[in-house]
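Generate coordinates for the sequence data below:
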Amino acid sequence: MLPSDSDSDFRARTSSPPDSPAPPRALSFDRAAAQYAAARPGYPPALFDTVEELAGRPLRGALTIDVGAGTGISTRLLHDRGARVTAVEPGRGMAEELHRALPYVPIVRGDGNRLPIATASADLITYAQSWHWTDRNRATPEALRVLRPGGALALWWNVSDHSVPWIAEQDARLRRFFGADEGAHGSPVRSRDLPSGLGFVHRVVPWTRRVSLDTHLANLGSHSAFLVLGEEPTHRFLDEECGRLAELFPDGTVEESYVVDLSVAIRPGSTPAPPSPRS
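Numbering: from 1, shown residues only. Here you go, the predicted structure:
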């Protein structure tokens with residue numbers, strides 16, 4: 001059982017701002033925070049069942065840090081499962097959108113490279129769609145510092161299911177548009193820059209959602225590749241895509257298919273010593 005004051009102490013010690021800004025492209029989401037919140041996909045219940053299985057504990061009551069929380073898509077679902085969650089988000093616009101939607105959830109301005117969170121205070125740290133924005137060499141020791149012994153680090157991404165023909169064809173168009181190594185559909189977890197030596201266990205969780213064509217296009221347009229591109233070429237691509245998909249989905253409803261790539265590692269060892277004071 002947690003000590004009676006652990007939750008208040010946990011929240012009280014999370015107010016220090018970071019000293020390292022997030023990459024500029026990571027902050028591009030600020031200009032489209034409302035669009036991001038409205039159009040981006042959530043996550044299926046099976047994902048959180050699997051997180052609990054691999055973490056070896058229920059989410060209910062778990063002191064959880066949701067890093068790169070954005071507009072709170074994963075934060076809300078963690079909270080709904082009973083996690084005692086604090087959101088960490090570097091972008092002002094995204095943080096404001098999260099606060100409007102989830103005023104009851106504590107939110108801290110910061111990023112994974114220097115977490116403004118007390119040492120050995122978290123049962124679970126989650127990165128939903130956000131680990132790739134960190135510097136792995138800085139974010140890994142920070143996560144291990146903040147996790148309690150036996151705590152879990154969970155990283156996951158929604159990846160469009162390329163086994164579905166229309167999604168594979170759209171992905172090919174995206175890659176031609178942006179270049180061979182750029183797209184807006186995501187890539188498998190094995191290509192992520194995951195921390196080494198932590199014994200990650202990997203799972204994939206397939207799921208689908210049905211949305212309007214407008215929501216599907218807004219989802220595409222909320223990806224950073226488009227947000228840093230500029231309005232004219234973005235509108236040109238999305239208008240052309242609208243025409244193609246309108247023929248494929250004449251009723252205006254698109255079934256998006258995803259596979260959530262999940263990786264979970266357990267923090268071994270004893271409680272770390274408090275960090276030395278920073279000047």
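
Going by C-alpha atoms from here, please, whenever you check contacts or count neighbours.
Fine.

Tell me where the model's unsure across the stretch 1-150 of the chain.
Applying pLDDT under 70 to the stretch 1-150 of the chain flags the ranges 1-31.

List the beta-bridge partners for the residue nearest to L198 when sequence neighbours are not counted.
Counting by Cα to Cα, 6 or more residues apart in numbering, L198 lies nearest to A265, which is 6.0 Å off, once chain neighbours are set aside. Using DSSP bridges, the bridge partners assigned to A265 are L153.

Can you get me a residue count around A265?
20 (other Cα atoms under 10 Å).

need the contact list for it.
The neighbours of A265, taking Cα atoms under 8 Å, 6 or more residues apart in numbering as the test, are A55, A152, L153, A154, L198, G199, F200, V201.

Pull out the buried residues from whichever strand or helix holds R210.
Element membership for R210, per DSSP states H and E: strand 201-212. Burial within strand 201-212, assessed by neighbour count using 16 or more other Cα atoms under 10 Å, is assigned to H202, R203, V204, V205, P206, W207.

What of stretch 97-105?
E97, L98, H99, L102, V105.

The helix or strand encompassing D214 packs against which elements?
Applying DSSP H and E as the criterion places D214 in helix 213-221. Using 3 or more Cα pairs under 8 Å, 6 or more residues apart in numbering; DSSP states H and E, the elements in contact with helix 213-221 are helix 33-39, helix 231-248, strand 253-266.

Quick one: distance of that helix to the chain centre.
Computed by Cα atoms, centre = their mean, to the nearest Å, the chain-centroid distance of helix 213-221 equals 19 Å.

Can you mark which positions in it are buried?
Quick answer for helix 213-221 (16+ other Cα under 10 Å): L213, T215, H216, L217, A218, N219, L220, G221.

how close does the residue nearest to P58 when sequence neighbours are not counted sit to G82?
Leaving aside its chain neighbours, P58 sits nearest to E52 (5.2 Å; criterion: Cα to Cα, 6+ apart). Separation of E52 from G82 (Cα to Cα, to the nearest Å) stands at 12 Å.

any residues in contact with both of these two?
Residues touching both E52 and G82 (Cα under 8 Å, 6+ apart) are L59.

coming back round to it: separation between the residue nearest to L198 and E52?
For A265, the distance to E52 equals 12 Å [Cα to Cα].

got the residue ranges for the helices in this protein?
6-12, 33-39, 45-55, 73-80, 92-101, 136-146, 165-178, 213-221, 224-227, 231-248 (DSSP state H).

so which of those helices gets nearest N158?
helix 45-55 (10.5 Å; Cα to Cα).

rewinding a little: generate a ChimeraX selection restricted to the buried subset of the contacts of A265.
To isolate the buried members of the contacts of A265 in ChimeraX, using 16+ other Cα under 10 Å:
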select :55,152,153,154,200
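
okay if I get the contacts of A265 as a markdown table plus distance to S121?
Output for the contacts of A265, formatted as a markdown table (distance: Cα to Cα, whole Å):
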| residue | distance to S121 |
| --- | --- |
| A55 | 16 |
| A152 | 12 |
| L153 | 13 |
| A154 | 16 |
| L198 | 19 |
| G199 | 21 |
| F200 | 21 |
| V201 | 23 |
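
and the residue nearest to P58, how many residues sit next to it?
E52: 16 surrounding residues under other Cα under 10 Å.

ok, now G269?
Neighbour number of G269 under other Cα under 10 Å is 10.

do the same with A168
Count around A168 with other Cα under 10 Å applied: 15.
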